[in-house]
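> sequence-free structure coming up:
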């Protein structure tokens, strides 16, 4: 039965049936979590071997002759820069290796441009009173948190099947020099799992911003995180920018947070020499170097970029059944009643669903009361304000599969119950 075509009497009967099911689930006192994109235990166990890489007799002299246990090497050991250069598709000289968090490096990058002009002759961003940042939405809440923290007006940019609305972006950046940048998750976007088309990447590379210090924050967090046998491909933004004479435009990021251990991984950023000169001046005062032993540990564990890709096949074997549980449950439970639309990503960490307009907050509330914790409704939009109150980010990776089945069943009951309430104006 399609709820949108039902009579009030039919909806009332459906509502009472759903309410009984919901009350039964609620009485079980469950505690299930689908709130964040955390790797599950089975994924974390895949990397336990990295803990055995070093022995007391290990050689800690790097390829450049430096003792990695000591001070020095601000931008990270050469072996690690080379490996992450392949991940990001840039030369190793354009790479800097950080700590365990790419989010931390992104925060530092915005902080640096707030206090130091990234382009000579421009003002540091803190001097720009009405500074703005573009935010493709639905998007990553922690990105929005950074620019919100630094007082940017955040402008939502609608997402399409091929990436952010480029017509809107081109018009905005060409006519407003107070717009200083844009957040991008270009492959398997958070939360929709969209990969930017070749045309979208080329249009980004050929932007003509009014602000000379406009920067594309290219967070390639899921660049090798495939979950199907038909993975998406992403055009190399850095190469396209060089072709367009816009080499300074993008700043790229990635990490092993969802490859090895989130709390003890390795992060990397890549940018042009002009950009890196400014960033390294800050880092030179901020830190002597990040954890070079951890960098070496990762290089020795993977061997090279191809070894990292082989490791990700193990992750795919764990994650594919989880995504199948989510997508099959949505298809079986919500598709017949016509109250939801969702993405079917080939990779990444999330499934994005738009429930009946005006019910997302209610769905999250009902789930919480039944013992299923989700990311807050609205979190995928700047300021936490989803104009349609419809988008919910589902994170299937953390729960064991049996718990995930239960959590998804409860989610669908809640989505249907909230839809009936809305349609019946309860």
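Arrived safely. Note that the structure is a prediction, hence the values are computed from the model and not measured.

> and the longest strand along the chain, what other elements does it pack with?
In the chain, assigned by DSSP state E, the strand with the most residues is strand 153-160. Applying 3 or more C-beta pairs under 8 Å, 6 or more residues apart in numbering; DSSP states H and E, we find strand 153-160 packed against strand 132-137, helix 141-149, helix 166-175. (Glycine included, C-beta is placed from N, CA and C.)

> indicate which one of the ones you listed is closest to residue 405.
helix 141-149 (26.4 Å; C-beta to C-beta).

> same for the closest one, what does it pack against?
Helix 141-149 packs on helix 102-115, strand 132-137, strand 153-160, strand 179-184, going by 3+ C-beta pairs under 8 Å, 6+ apart.

> of the ones you listed, give the one that comes closest to residue 289.
Nearest to residue 289 among the helices and strands packed on helix 141-149 is helix 102-115 (13.9 Å), distances taken as C-beta to C-beta.

> which parts of the stretch 151-300 of the chain are strands?
153-160, 163-164, 179-184, 215-219, 250-255, 267-270 (DSSP state E, counting those that start in this stretch).

> how about those strands in JSON lines, adding mean neighbour count?
Below are those laid out as JSON lines (neighbours: other C-beta atoms under 10 Å):
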{"stretch": "strand 153-160", "mean neighbour count": "17"}
{"stretch": "strand 163-164", "mean neighbour count": "25"}
{"stretch": "strand 179-184", "mean neighbour count": "26"}
{"stretch": "strand 215-219", "mean neighbour count": "25"}
{"stretch": "strand 250-255", "mean neighbour count": "25"}
{"stretch": "strand 267-270", "mean neighbour count": "26"}
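
> any chance of TSV for these, columns distance to residue 414 and mean pLDDT?
TSV is the format used below for those (distance: least, C-beta to C-beta, whole Å; pLDDT from 0 to 100):
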stretch	distance to residue 414	mean pLDDT
strand 153-160	25	98
strand 163-164	30	98
strand 179-184	30	98
strand 215-219	31	98
strand 250-255	33	98
strand 267-270	36	98
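
> nearest to residue 324, out of those strands?
So among the strands of the stretch 151-300 of the chain, strand 153-160 is nearest, using C-beta to C-beta, at 24.0 Å.

> residue 351 and residue 394 touch, don't they?
Yes - counting by C-beta atoms under 8 Å, residue 351 touches residue 394, with 4.5 Å between them.

> dump the helices and strands packed on helix 141-149 to a markdown table, plus distance to residue 293.
What follows is the helices and strands packed on helix 141-149, written out as a markdown table (distance: least, C-beta to C-beta, whole Å):
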| stretch | distance to residue 293 |
| --- | --- |
| helix 102-115 | 18 |
| strand 132-137 | 36 |
| strand 153-160 | 38 |
| strand 179-184 | 32 |
